[in-house]
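In: coords please:
(chains A and B)
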There are 2 protein chains.
Amino acid sequence: MDHPLICHIIKNVTLSVEESEKILNYFNYHEYNKKEHLVREGQPCEQLYFVVQGSLRMYFIDEKGMEQTIQFAIENWWMTDLMAFQRGGLSEFSIQTIEKTQIMQIQQEKLEKLLVEVPQLERYFKNIHQRAYAASLLRVKYLFTMSKETFYDYFSGKYPEFIQRIPQKILASFLGFTPEYLSELRRKKHKERVKTI
Amino acid sequence: MDHPLICHIIKNVTLSVEESEKILNYFNYHEYNKKEHLVREGQPCEQLYFVVQGSLRMYFIDEKGMEQTIQFAIENWWMTDLMAFQRGGLSEFSIQTIEKTQIMQIQQEKLEKLLVEVPQLERYFKNIHQRAYAASLLRVKYLFTMSKETFYDYFSGKYPEFIQRIPQKILASFLGFTPEYLSELRRKKHKERVKTI
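Out: Numbers count the residues shown, from 1 in each chain, chains lettered A, B, ... in the order given. Here you go, the predicted model:
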C-alpha cells in the first residue's frame, strides 16, 4: 500500500491492509487547476483536504481589502477551515490552490463514519492537529521576534523547494512583508550567494 | 464522578466509572500562587496542564523585550508548550498563572500510558487540539480584520467575567493594544454603559 495518504498515516499509527483499503475508499481523489478555490470565505466548508501533489494556501481579506495568507499546505499536509468543517458553519477563510494540485478529500459525515471503523485515526488526527496548532503559535512568535530577514532565512531554510514554487506576493503576505521588500531581499540573497560561489 | 476534568471529558467521549478513576489517578493536583511560572521559555516543558480553577497565560518576549501574551487558559482549558511537551525539547513560550490557580497536571510519559489504557482520550484530545488550532487562526484573522474596538467588544462579549480578572497590561498585549489605549477604551465603554442606564 504505497499511496501517499496511507504512507503518511502509517508513520503515526498502525493499519492493516483492509483498514488502508477502507480509508482509501472513503476518500475522493480530485485534481484542481492552478488558482482554483476549494473553499470561499462566507461559504460552507464541506471537505477536509489532503495534498497528494501541489500546494494550497489559506487566506482572509484584511480591513484594507488585501489577501492575507495565514497557512500553506504542501504534499502530505492537511487543510480545511476546521471550525466550519466540523460544525457545518460558514468559512472564516478561503482556500485556494497555488499550482495544479492533486487532492484526496473527505466529507465530514464520511470522516465520522471512518473514525468509527478505523479508530486509530483519532490518534493520527490528534497528532496532525497538535502539530498544526503548535506551528501556528510559532509563526506568530516568529513574526514578532525575528527580524524580517531572519524569518525569511528560517522559512526558506525549512522549505527550500517550496519557496521557489510560491508567487512572491503570496509569500510576502505570509511572512508579513510588502512584495517590494521581499523582492529586494531576494535580490540581496542572490548577490550574497553569487559572491560565495 | 463530578470532578471538573471528568465532566469536561465526558462532554466529548464516553467513560466508565473505572476509566474515570484511572484518569484521575494518572493526574496530579497542584495549587499555584498568583504570577507563578509553570513553564519558562528556554526550559523543558514537562507537564500538560488542565485548569480546575483560576487562569493561565502563555507569552513570549518580543524583540523589544516586551511580554506578548498569545493564549489564555481559564477553567476547563488545557495549556502547555505542545511542541516541547511532546518532543521533550525546550519551550518557545512561558506559561504563568494570572491569579491563584488550581491545576490537574500530567507528564508526557504518563499521558502516553493513559492513552493506551483509555483510548477514547485520543478522540478527546483530537477535539481539544482541533478547537485550539481553529481558535488561534481566528485570533490572527481578528487582529488583522477587526478594528481595535470591535475586537475588544468581541472578546469581552465572549468572556465577560474573565475580562474583569485579567490585568489590563496582559489583556492589552493579547488584543494587540497599548495599555494606554485599552485604558482609554475601557473609560469610553464605561461612560457608554452609564449613559444607557
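
In: Now do residue A:88 against residue B:68, distance only.
Out: 34 Å (C-beta to C-beta, to the nearest Å). In short, each C-beta sits where N, CA and C put it, glycine included.

In: Give me the more crowded residue out of these two.
Out: residue B:68 (18 against 12; other C-beta atoms under 10 Å in any protein chain shown).

In: what's the spatially closest residue to residue A:101 that is not a sequence neighbour in contact with, if anything?
Out: In space, residue A:101 comes closest to residue A:54 once its chain neighbours are excluded; the distance is 2.8 Å by C-beta to C-beta, 6 or more residues apart in numbering or on different chains. Residue A:54 sits next to A:32, A:74-75, A:97-103 when contact means C-beta atoms under 8 Å, 6 or more residues apart in numbering or on different chains.

In: Just the pLDDT for residue A:1.
Out: Looking at residue A:1, its pLDDT is 67.

In: swap that for residue A:77, please
Out: Model confidence at residue A:77 (pLDDT) stands at 95.

In: Ok, residue A:57 next?
Out: pLDDT at residue A:57 comes out at 96.

In: correct me, but it touches residue A:99?
Out: No. With contact defined as C-beta atoms under 8 Å, residue A:57 does not count as touching residue A:99 (10.5 Å).

In: Next, name the residue at the spatial heart of chain A.
Out: Residue closest to the average C-alpha location in chain A (C-alpha atoms, centre = their mean): residue A:73, at 1.8 Å.

In: Specify the beta-bridge partners of that one.
Out: residue A:56 (DSSP bridges).

In: so it sits right up against residue A:96, yeah?
Out: No. Counting by C-beta under 8 Å, residue A:73 stays clear of residue A:96, with 10.9 Å between them.

In: Can you work out which residues contact both of these two?
Out: In contact with both residue A:73 and residue A:96: A:56-57, using C-beta under 8 Å, 6+ apart.

In: and the next element down the chain from the longest helix seen in chain A?
Out: Identified as the longest helix of chain A according to DSSP state H is helix A:120-145. Per DSSP states H and E, helix A:120-145 leads on to helix A:148-158 as the next helix or strand towards the C-terminus.

In: what's the domain layout of chain A?
Out: A:1-126, A:137-197 (automatic domain parsing).

In: Compare those domains and say which comes out lowest on pLDDT.
Out: domain A:137-197 (a mean of 86).

In: interface residues of chain A facing chain B?
Out: Residues of chain A lying close to chain B (C-beta under 8 Å from any C-beta of the partner chain) are A:58, A:60-63, A:68, A:70-71, A:81-83, A:86, A:92-93, A:115, A:119, A:122-123, A:125-126, A:129-130, A:132-134, A:136-138, A:140-141, A:144-147.

In: Any of the residues you listed buried? List them.
Out: A:58, A:60, A:68, A:70-71, A:81-83, A:86, A:92-93, A:115, A:122-123, A:125-126, A:129-130, A:132-134, A:136-137, A:140-141, A:144-146 (16 or more other C-beta atoms under 10 Å in any protein chain shown).

In: What is the burial count for residue A:74?
Out: 18.

In: actually residue A:157, sorry about that
Out: Residue A:157, neighbours per other C-beta under 10 Å, totals 9.

In: That one and residue A:72, how far apart?
Out: Relative to residue A:72, and taking C-beta to C-beta, residue A:157 is found at 15 Å.

In: What of residue A:122?
Out: For residue A:122, the distance to residue A:72 - C-beta to C-beta - is 26 Å.

In: just residue A:146 next, same as before
Out: 18 Å.

In: With residue A:154 instead?
Out: Residue A:154 is 14 Å from residue A:72, by C-beta to C-beta.

In: So for these two, which residue has more residues nearby?
Out: The neighbour comparison of residue A:154 against residue A:72 (other C-beta under 10 Å) goes to residue A:72, with 21 against 13.

In: show me what contacts the more buried one?
Out: By C-beta under 8 Å, 6+ apart, residue A:72 lies in contact with A:55-58, A:98, A:162, A:166, A:174.

In: Nearest to residue A:9 among the residues you listed?
Out: Of all these, residue A:56 has the smallest distance to residue A:9: 19.2 Å, by C-beta to C-beta.

In: residues touching the closest one, list them.
Out: A:38, A:49, A:72-73, A:77, A:79, A:95-98, A:101.

In: Likewise for residue A:104?
Out: Counting by C-beta under 8 Å, 6+ apart, the residues that residue A:104 touches are A:5, A:27-30, A:49-50, A:52.

In: of all those, which two lie farthest apart?
Out: Maximum distance among the contacts of residue A:104 (C-beta to C-beta): 13.0 Å, for A:5 and A:30.

In: sorry, back to before: which of the contacts of residue A:54 fall within strands?
Out: A:32, A:97, A:101-103 (DSSP state E).

In: In CSV, list those residues along with distance to residue B:11.
Out: As requested, those are exported to CSV (distance: C-beta to C-beta, whole Å):
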residue, distance to residue B:11
A:32, 37
A:97, 37
A:101, 37
A:102, 38
A:103, 33
